[in-house]
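Peer 1: Build me a model:
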Amino acid sequence: MSQPSRPNPHDYASARRGAEHLRREAVDELWRGADAVLDRVCLDASARLARSTQRLQARLRRHRAGAAPTLAA
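Peer 2: Numbering: from 1, shown residues only. As a prediction, this is how the structure comes out:
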């Protein structure tokens, strides 16, 4: 049975290419994670803004109708 060939530990060029490849993968993964976080933050902010808008519109309707203001969480 033949042994699988192992990379030469003294092959600087090959080691450098491998390190550059791993570095690119790590940077790409970092940006994918950052993009996911930004998407989540924007989605949460958008949902909060929509809820705030709905609450404000409801308060304005009650105010125009002459109802007493209520404290809502």
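
Peer 1: dump the residue contacts of residue 10.
Peer 2: Applying CB atoms under 8 Å, 6 or more residues apart in numbering to residue 10 gives no contacts. For every residue, glycine as well, the C-beta is placed using N, CA and C.

Peer 1: okay, now residue 64: neighbour count?
Peer 2: Residue 64: 8 surrounding residues under other CB atoms under 10 Å.

Peer 1: and residue 51, how far is that from residue 43?
Peer 2: Relative to residue 43, residue 51 is positioned 13 Å away (CB to CB, to the nearest Å).

Peer 1: distance between the helix or strand residue 40 falls within and the chain's centre?
Peer 2: Here residue 40 sits within helix 12-65, counting by DSSP states H and E. What separates the centre of helix 12-65 from the centre of its chain is 3 Å, taken as CA atoms, centre = their mean, to the nearest Å.

Peer 1: Also stretch 11-19?
Peer 2: Taking CA atoms, centre = their mean, the mean C-alpha location of stretch 11-19 is offset from the chain mean by 32 Å.

Peer 1: any idea of the mean pLDDT in that stretch?
Peer 2: For stretch 11-19, the mean pLDDT works out to 92.

Peer 1: mind starting the numbering at 43 from now?
Peer 2: From this message on, residue numbering opens at 43, which makes the last subject stretch 53-61.

Peer 1: per-residue confidence for residue 113?
Peer 2: So, for residue 113, pLDDT stands at 65.

Peer 1: same check, this time on residue 92
Peer 2: 92.

Peer 1: same deal with residue 46?
Peer 2: Looking at residue 46, its pLDDT reads 68.

Peer 1: Distance check, the most centrally placed residue in the chain against residue 73.
Peer 2: By CA atoms, centre = their mean, the chain has its centre lying nearest to residue 79, at 1.6 Å. Using CB to CB, we find residue 79 at a distance of 11 Å from residue 73.

Peer 1: same deal with residue 108?
Peer 2: According to CB to CB, residue 108 stands 54 Å off from residue 73.
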